[in-house]
Structure formats: C-alpha cells, structure tokens
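# whatever this is, show me its structure:
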Amino acid sequence: MNNNPLASRIRPSELSEVVGQRHLLEKGKPLYNMIENGNLPNLIFYGPSGVGKTTVASIIAQKTQKTLRKLNGTSASTQDIKDIVAQIGTFAAPNGILLYLDEIQYFNKLSIIHI
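Below you'll find the predicted structure:
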C-alpha cells in the first residue's frame with residue numbers, strides 16, 4: 001500500500017501534465033523554452049493556493065537538474081537563505097540550486113535587504 005498522500009501520487013511530473021498556463025508551459029512557449037534550454041532567470045510565480053506553483057517549480061528543478069530547496073516565508077529566516085546561498089558553487093549543488101520561497105509576502109522586508 002502506498003502511504004503517500006493522494007495529492008503527491010497524482011501530482012504532474014512533466015510540463016505536459018500541468019493543467020492551465022498553456023501560454024507559458026506548452027512546447028515552444030516562453031517558460032517551456034527557458035526550461036528546455038536550462039537558461040532560467042529569476043522567476044516569481046504568483047497565484048492562489050493549488051494552481052501548481054510548487055509543482056511547476058519541482059518540474060523545473062528536475063528538468064534542469066537543480067537541487068530544489070523550499071522555504072516558507074512564515075518560518076524561514078535570513079540565515080536559512082544565507083545557508084542555501086553558501087551552498088552555491090560547492091559540491092552540495094553541482095548543477096545549482098533552485099530556491100522556492102513560499103509565502104514570501106510574510107518575509108521581513110528589512111531582512112531581505114541585508115541578504
């Protein structure tokens with residue numbers, strides 16, 4: 001018996017399985033091309049809960065062979081981000097790190113300036 005939550009078991013693992021955002025995620029479209037080329041700028045995903053932001057970030061990390069690190073703005077500290085940034089360029093992240101900061105609106109704005 002699989003003990004993973006149903007949402008985890010049915011979560012899309014390919015961009016073609018993601019429902020919606022076809023203008024960005026369909027073959028030949030901007031975000032799809034960036035992911036395929038591995039040439040990713042800083043991105044901000046915005047939208048209500050349940051639309052696939054975390055799922056798409058996970059797919060991007062897998063497709064670009066980057067380590068996905070997730071933090072939540074309600075509980076993360078600037079030290080958490082500094083620790084992740086310190087891993088860049090080390091053997092801990094040979095292909096880079098994709099940082100997914102959920103609920104960033106709750107992160108202290110003054111703290112971000114000093115990162």
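
# so what's Pro41 up against?
Each residue near Pro41 by C-beta atoms under 8 Å, 6 or more residues apart in numbering is listed here: Met34. For glycine as for every other residue, the C-beta is placed from the backbone atoms N, C-alpha and C.

# what kind of secondary structure is it in?
Here Pro41 is recorded as coil under DSSP: H, G, I helix; E, B strand; the rest coil.

# now it: how far from Met1?
The gap separating Pro41 from Met1 is 42 Å, by C-beta to C-beta, to the nearest Å.

# over to Pro30?
41 Å.

# more neighbours, the two?
Pro30 (11 against 2; other C-beta atoms under 10 Å).

# how about the more buried one: what's its closest non-neighbour residue?
Counting by C-beta to C-beta, 6 or more residues apart in numbering, Leu24 is the residue found nearest to Pro30 once chain neighbours are left out, at 6.0 Å.

# residues near Ile60, how many?
Look at Ile60: counted by other C-beta under 10 Å, it has 21 neighbours.

# element containing it, please.
Ile60 is part of helix 53-64, with elements assigned from DSSP states H and E.

# same check, this time on Val85
Using DSSP H and E, Val85 sits within helix 78-87.

# cool, and Asn2?
Applying DSSP H and E, one finds Asn2 in no helix or strand.

# what do you get for Pro12?
Here Pro12 is assigned to no helix or strand, by DSSP H and E.

# tell me the contacts of the closest residue in space to Glu26 that isn't next to it in sequence?
Residue nearest to Glu26 in three dimensions, not counting chain neighbours: Tyr32, with 6.2 Å by C-beta to C-beta, 6+ apart. Applying C-beta under 8 Å, 6+ apart, we find Tyr32 in contact with 15, 24-26.
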